[in-house]
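Peer 1: the amino acid sequence is not available; the structure is as follows:
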């Protein structure tokens, strides 16, 4: 079985020239895709993200938002999260402590736990841009924050993602599509999940972009997916 790390690393610009393929799961069937899965591996690409413009090209950050506005929103969220962490923090404790079955976290750990899903200002910025409400803990805001921070931590080398370039994604009746862990982004044209069909997402974070999405039985099973349509 081919490992995705053995594949050629491509740029976001090169990705735009790659032909996508249709993924259809037949009735009563089960298909699993992911970095180390053979099925539909032709649609899998290892993509290098090196700039804010790359994030916008992949729709992780919407076109039209300036880098400055996104970074300011993230900075404001940092400040707000730190203020929340400090509010109830016991400053007599300098590091994580487990005593008498009671866990006390360091300020840094407490801040990280709060900051992970606290994207109030970034969500407000995305809400204003899209014209629809994006909540502070919505995965679109979380993904935008996570990917932007990955880039900021590695400004010279950037970072790499596992990307599936798909056309239509069709999950027929009583069929299941499982997306394994390690998959970062999926781009498709139309997503259709028929009656009793199911899309099961095992990646800790997955960014899924389709022009349209239609589920006849509401069977998208995930706590970690951001799905964008008509963008």
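Peer 2: All right, it came through fine. All values reported here derive from a predicted model rather than from experimental measurement. Residues are numbered from 1 along each chain as shown.
Peer 1: what count of nearby residues applies to residue 163?
Peer 2: Neighbours of residue 163 under the rule other C-beta atoms under 10 Å: 23. C-beta coordinates here come from the backbone N, C-alpha and C atoms, glycine included.
Peer 1: which residues touch it?
Peer 2: For residue 163, the contact set (C-beta atoms under 8 Å, 6 or more residues apart in numbering) comprises 15, 44, 45, 46, 47, 58, 184, 185, 186, 187.
Peer 1: so which bits of stretch 163-181 are buried?
Peer 2: Within stretch 163-181, the residues that count as buried by 16 or more other C-beta atoms under 10 Å are 163-172, 174-180.
Peer 1: could I get the full set of helices for this structure?
Peer 2: Using DSSP state H, the helices of the chain run over 12-15, 52-57, 67-87, 107-115, 120-130, 139-153.
Peer 1: could you dump the ones you listed into CSV and include mean pLDDT?
Peer 2: Converted to CSV, the helices of the chain look like this (pLDDT from 0 to 100):
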stretch, mean pLDDT
helix 12-15, 95
helix 52-57, 96
helix 67-87, 96
helix 107-115, 90
helix 120-130, 97
helix 139-153, 93
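Peer 1: save the ones you listed as a markdown table, and put in mean neighbour count and distance to residue 30 too.
Peer 2: A markdown table is the format used below for the helices of the chain (neighbours: other C-beta atoms under 10 Å; distance: least, C-beta to C-beta, whole Å):
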| stretch | mean neighbour count | distance to residue 30 |
| --- | --- | --- |
| helix 12-15 | 15 | 28 |
| helix 52-57 | 19 | 33 |
| helix 67-87 | 15 | 39 |
| helix 107-115 | 16 | 36 |
| helix 120-130 | 19 | 34 |
| helix 139-153 | 19 | 25 |
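Peer 1: follow-up on the earlier one: looking at the contacts of residue 163, spot the one nearest residue 215.
Peer 2: Proximity of the contacts of residue 163 to residue 215, judged by C-beta to C-beta, is greatest for residue 186, which lies at 15.5 Å.
Peer 1: ok, back up a step: so can I have a markdown table of the helices of the chain showing distance to residue 208?
Peer 2: Formatted as a markdown table, the helices of the chain follow (distance: least, C-beta to C-beta, whole Å):
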| stretch | distance to residue 208 |
| --- | --- |
| helix 12-15 | 16 |
| helix 52-57 | 16 |
| helix 67-87 | 21 |
| helix 107-115 | 24 |
| helix 120-130 | 16 |
| helix 139-153 | 10 |
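Peer 1: next, count neighbours for residue 206.
Peer 2: Counted with other C-beta under 10 Å, the neighbours of residue 206 add up to 22.
Peer 1: distance of it relative to residue 146?
Peer 2: Plainly put, residue 206 is 11 Å away from residue 146 if you go by C-beta to C-beta, to the nearest Å.
Peer 1: thought residue 145 was touching residue 122?
Peer 2: Yes. Distance between residue 145 and residue 122: 5.9 Å, which falls inside the contact criterion (C-beta atoms under 8 Å).
Peer 1: now do the shared contacts for these two.
Peer 2: Both residue 145 and residue 122 are in contact with 74, 77, where contact means C-beta under 8 Å, 6+ apart.
Peer 1: just the mean pLDDT for the longest strand along the chain, thanks.
Peer 2: Counting by DSSP state E, the longest strand found in the chain is strand 159-171. Here strand 159-171 scores 95 as its mean pLDDT.
Peer 1: do the same with stretch 215-229
Peer 2: For stretch 215-229, the per-residue pLDDT averages 57.
Peer 1: domains of the chain?
Peer 2: In terms of domains, the chain is parsed into 4-50+158-229, 67-153 (source: automatic domain parsing).
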